[in-house]
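Trainee: with the input below, show me the fold.
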Amino acid sequence: MNLGKEQNFVSAVIYVRNNSSVLEGFLNHVYSKLGELFNQFEIVCVNDASTDNSEAVIKECAKAYHCAVTIVNMGYVQGVELAMNAGCDMAIGDFVFEFDSANQTWPENMMEQLYRKMQEGYDIVSACPKGKMKFSSKLFYSVFNKFSNIKEQLRTEAFRLTSRRAINRASSMNQAQMYRKAVNANLALAQTYVEFEPTGENRIDKQSSKERTSLAVDSLILFTDIGYKIAFVMSIVMLAFAAIVGIYTVIIYATGHPVEGWTPIMIFLAIGFFVLFAILTFVIKYLSLILNLNFRRQRYVVESTERL
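Mentor: Numbers count the residues shown, from 1 in each chain. From the prediction side, this is the model:
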């Protein structure tokens, strides 16, 4: 035992999905940095039904590592969030590094910076790249932060370090965390971020891009009241429209020669559209309450676990 190293047991959970071309270098980097900092640590690789030789790369790397390496093989492709849930449930460390991608875009000492920052009293510390975000990401975070009730403002993260207390609290709040970043922001625990200058481009395949788009839409529905507010605004618009149509109809009826039956039909349609959108507003609000009480019941499906 090296007394000069940190005595806390640390886990690194890594999402793997057809990353064989970069996986060996990434694993070696994580292993090397953990070995420099900690006496005891483990690596948990969550293999999300990869179709390449990613699993073989993990096993080959594990032969040279002096730590526990666990492969969690998902039963089918379940996406980053559910797969990482499975990995974090498997991890036993006092602190857990969560890597949603096997692409290293941060400086060499970034993992140590997050750990040192956490020692200042934080439960969640994220590594956030500097610079301009993509338009789609900027739009999502702007809308999400505006219409959600979370205290912390969400932003792009490369990876994060989470305490065992934060993981346990998140797990007790939700059976499965559909969007871990948003759940973490609602834990009422101290969290912060460390910025860095990206050293490489974060490669996102088409499958991940589709998954992120779907996750963004689901998150806006589950964690914000944007649907209710849109329906409410439309109800106000339709109320104004109904009032205008009603006034116009009365004026035509009083001063003109309307077609027989036109006046009651127009009044009925105007009132009907208003009532329709008013009902839609209440339905959306009701559904949002149900979702808040019951969402994220889905559990991940693990095919096998292998400890190397």
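Trainee: which residue lies nearest the spatial centre of the protein?
Mentor: Among the residues of the chain, the one closest to the centroid is Tyr179, at 3.2 Å (C-alpha atoms, centre = their mean).
Trainee: where along the stretch 51-200 of the chain do the strands fall?
Mentor: For the stretch 51-200 of the chain, the strands defined by DSSP state E, counting those that start in this stretch cover 68-74, 95-99, 124-129, 159-163, 191-196.
Trainee: now do the same for Val250: helix, strand or coil?
Mentor: Secondary structure for Val250, judged by DSSP: H, G, I helix; E, B strand; the rest coil, is helix.
Trainee: looking at it now. What's its pLDDT?
Mentor: Looking at Val250, its pLDDT reads 75.
Trainee: what's around it, how many residues?
Mentor: Taking other C-beta atoms under 10 Å as the criterion, the count of residues near Val250 is 13. For the C-beta atoms, the positions are set from N, CA and C on the backbone; glycine is no exception.
Trainee: quick check: nearest residue in space to Met234, chain neighbours excluded?
Mentor: Nearest residue to Met234 in three dimensions, chain neighbours excluded: Phe277, at 5.0 Å (C-beta to C-beta, 6 or more residues apart in numbering).
Trainee: the one you found is in what secondary structure piece?
Mentor: Per DSSP states H and E: Phe277 is located in helix 262-294.
Trainee: tell me the contacts of Asn28?
Mentor: Asn28 sits next to Cys61 when contact means C-beta atoms under 8 Å, 6 or more residues apart in numbering.
Trainee: give me the element it is part of.
Mentor: Taking DSSP H and E as the definition, one finds Asn28 inside helix 20-37.
Trainee: related to what we said a few turns ago, wait, isn't the residue nearest to Met234 in contact with Ser235?
Mentor: Yes. With the criterion set as C-beta atoms under 8 Å, Phe277 and Ser235 qualify as a contacting pair; they are 4.2 Å apart.
Trainee: between the two ends of stretch 182-194, how far is it?
Mentor: Taking C-alpha to C-alpha, to the nearest Å, stretch 182-194 runs 18 Å from one end to the other.
Trainee: buried sites along it?
Mentor: Of the residues in stretch 182-194, those buried under the neighbour-count criterion (16 or more other C-beta atoms under 10 Å) are 182-187, 189, 191-194.
Trainee: list of residues touching it?
Mentor: By C-beta under 8 Å, 6+ apart, the list of residues contacting stretch 182-194 reads 110, 113-114, 117, 121-128, 144, 148, 150-152, 154-155, 157, 160, 162-163, 165-166, 169-170, 173-174, 177, 219, 223.
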